[in-house]
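Chemist: quick one, what's the 3D model for this:
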Amino acid sequence: MSKIRIKNFGPIKEGFKETLPDGTVNDWLEVKKVTVFIGNQGSGKSTVAKLISSFIWLEKALIRGDINAPVSHNDFIDLLEFHRLENYLESDSLIEYEGATYSLKLNGSHNKKTVEAKRLNNKSVKLPKIMYVPAERNFLSSVSNINKVSDFLVGSLKNYSVEFRNAQLSNKGKVIELPINNTKVLYDAKEDENYLLFGEKRLKLSEGSSGFHSIVPLYWVTRYLLEFLKQGEKKLLELLSTDQTIRREKELRAVNAEIQDEKELKINEKKINGKYICKYFVNIVEEPEQNLFPTSQRLLINSLLAFNNGNNMLVMTTHSPYLINSISLAVKANDLKNRIEKKEHENQLYEVVPKASTINPEELAIYQLDETNGSIKILGNFEGIPSDKNYLNQTIRLSNMEFDKLLEIEQELEL
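Modeler: Numbers count the residues shown, from 1 in each chain. Here you go, the predicted structure:
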């Protein structure tokens, strides 16, 4: 489990703070297996998600040796520029991150920020494949040939376009079932075109609705990366960069020169290989509900939760009360599945929430961000189920109250 502390960075001012039962104050935000950020525009949801992505990647880069500690100012600024966060940095910005292997802390003046990296242990680690899914992903579905525009893209959108292209090429000619509307998607390599399949009909993705523009890149890339990680160790090692391959081979030669025992040698070789290949998936998604009807939102979320098995992690930002409600259903279903004895009840349960989409409440955190003071609070729960007293539901209640006022005016007009 990783955690992060952020203060005075862009819209985040006070940052996260909670008073624990013993009266002490905790200002470390835990990144759990399923982590969700809700709040108004400009409250910092994406900012926090991007920093989580950046520091998970930085820890991975330090383990592999892609970057050396301490992390230089230029390397840190490059990291921020990838997500267009460089102008959020203040002289008093505080960012600390603690993962399984490294503790990272921002140091220095406004013009000379570095990241101190402290190694926590030397145990074997599992590296993540990290994917940041930007809200601008719809753009990728609007163009017929990504190669023609990829040079004009930057940062996370460019990176996502590369993975979308990889997903196309690895599945060319294969029909991929989408989780909504009994619709499928197909990449036709001869025409270099994506098609939506509705029964016997097919339609260019670029001509489809905005909902499909949103869901196809998200679902397709997620599915592709999970399949990518299932490849054998030998194949994943072949896909390392040249620099990573050279560093790995140098480490292997050093081990072979020092160790004679074959069993010990294999253990150390496995440990070295573990530094270079990814074993689990961190999916960080901006607004998964984008342009989707409420029932489609729920089907998509169920799919993302089902993909989030094993050591995988899912981080989301959202404006949708339907997404939070879907998560509540997944938590309640998790409770019920452990108490059901009859097959009949089990079938009824999994018709509502698929078994693979249920959530252990201890592995869930929902955070509310306030744009007025830059604070972050964790959403309460009742028996693990997210509280309905959240910003999104409050907005619905406020709308209902305003409608009641209009009804009162109407009654007075009829007197």
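
Chemist: can you tell me the SS state at N107?
Modeler: Recorded secondary structure, N107: strand (DSSP: H, G, I helix; E, B strand; the rest coil).

Chemist: in three-state terms, how would R165 be classified?
Modeler: At R165 the chain is in helix, as set by three-state DSSP.

Chemist: ok, it touching N147?
Modeler: Yes - R165 is within contact range of N147, at 7.2 Å (criterion: CB atoms under 8 Å). Bear in mind the C-beta positions are built from the backbone N, C-alpha and C, glycine included.

Chemist: between these two, which has more neighbouring residues?
Modeler: For R165 versus N147, neighbours defined as other CB atoms under 10 Å are more numerous around R165 (17 against 10).

Chemist: show me the residues around the more buried one that make contact.
Modeler: Taking CB atoms under 8 Å, 6 or more residues apart in numbering, we find R165 in contact with I146, N147, S150.

Chemist: then G39?
Modeler: K45, Q368, L369, D370, E371, Y391.

Chemist: and what of E14?
Modeler: E14 sits next to K7, N373, G374, S375, I376 when contact means CB under 8 Å, 6+ apart.

Chemist: and of these, the nearest to K190?
Modeler: Relative to K190, the closest of those is I376; by CB to CB it sits at 49.7 Å.

Chemist: what's the residue nearest to L127 when sequence neighbours are not counted sitting at in phi/psi?
Modeler: Closest residue to L127 apart from its sequence neighbours, by CB to CB, 6 or more residues apart in numbering: C278 at 4.9 Å. When read as degrees, to the nearest 10, the backbone of C278 gives phi -90, psi 140.

Chemist: one step back: could you identify which of the contacts of E14 has the most neighbours?
Modeler: Among the contacts of E14, the one with the most neighbours (other CB under 10 Å) is I376, at 24 neighbours.

Chemist: is that residue in a bridge, and if so with what?
Modeler: F16, L369 (DSSP bridges).

Chemist: so what's it up against?
Modeler: Contacts of I376 by CB under 8 Å, 6+ apart are I12, E14, G15, F16, K17, L29, G44, V48, Y367, Q368, L369, D370.

Chemist: look up how far N334 lies from it.
Modeler: Distance of I376 to N334, given as CB to CB, to the nearest Å: 25 Å.

Chemist: quick one: low-confidence parts of the protein?
Modeler: Residue ranges of the chain with pLDDT under 70: 383, 387-397, 399, 403, 409-410, 415.

Chemist: circling back: let's have the contacts of G39 in a markdown table, adding neighbour count and distance to L104.
Modeler: Shown next, in a markdown table, are these (neighbours: other CB atoms under 10 Å; distance: CB to CB, whole Å):
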| residue | neighbour count | distance to L104 |
| --- | --- | --- |
| K45 | 26 | 22 |
| Q368 | 23 | 25 |
| L369 | 25 | 22 |
| D370 | 17 | 26 |
| E371 | 14 | 27 |
| Y391 | 17 | 30 |
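
Chemist: what is the burial count for I259?
Modeler: Residues contacting I259 under the criterion other CB under 10 Å number 15.

Chemist: confirm that K3 sits in a strand.
Modeler: Yes - when three-state DSSP is applied, K3 is found to be in a strand.

Chemist: that one and E30 touch, don't they?
Modeler: Yes - with contact defined as CB under 8 Å, K3 and E30 form a contacting pair (4.9 Å).

Chemist: what distance do you get for the spatially most central residue of the chain to E193?
Modeler: Central residue of the chain (CA atoms, centre = their mean): I284, 1.4 Å from the mean position. Using CB to CB, I284 is found at 29 Å from E193.

Chemist: do P11 as well
Modeler: For P11 relative to E193 (CB to CB), the value is 40 Å.

Chemist: just V154 next, same as before
Modeler: Separation of V154 from E193 (CB to CB) stands at 25 Å.

Chemist: those two: which is more packed in?
Modeler: E193 (16 against 11).

Chemist: enumerate every residue touching the more buried one.
Modeler: Residues in contact with E193 (CB under 8 Å, 6+ apart) are S144, Y187, K204, L205.

Chemist: are any of the residues you listed buried, and if so which?
Modeler: Y187, L205 (16 or more other CB atoms under 10 Å).

Chemist: which one of the contacts of E193 sits closest to E251?
Modeler: Proximity of the contacts of E193 to E251 (CB to CB) peaks at Y187, which lies at 38.5 Å.

Chemist: which other helices and strands contact the helix or strand where that closest one lies?
Modeler: Remark: Y187 resides in strand 184-188, with elements defined by DSSP states H and E. On a contact count with 3 or more CB pairs under 8 Å, 6 or more residues apart in numbering; DSSP states H and E, strand 184-188 meets strand 175-177, strand 193-198.

Chemist: parallel or antiparallel, list what pairs with the last one.
Modeler: What it means is strand 193-198. Sheet pairing of strand 193-198 (DSSP bridges) gives strand 184-188 (antiparallel), strand 201-204 (antiparallel).

Chemist: how far off centre is it?
Modeler: Centroid separation between strand 193-198 and its chain, computed with CA atoms, centre = their mean, to the nearest Å, is 26 Å.

Chemist: what is the residue nearest to the centre of the chain paired to in the beta sheet?
Modeler: Beta-bridge partners, per DSSP bridges, of I284: Y132, V315.

Chemist: touching, it and K129? I think so.
Modeler: No - the criterion here is CB under 8 Å, and I284 misses it with K129 at 11.4 Å.

Chemist: once you drop chain neighbours, what's closest to G65?
Modeler: R247 (5.2 Å).

Chemist: burial of that neighbour, as a residue count?
Modeler: Counted with other CB under 10 Å, the neighbours of R247 add up to 18.

Chemist: buried residues in the helix or strand hosting it, which are they?
Modeler: Element membership of R247, judged by DSSP H and E, is helix 242-258. Residues of helix 242-258 classed as buried by neighbour count (16+ other CB under 10 Å): Q244, R247, R248, E251, V255.
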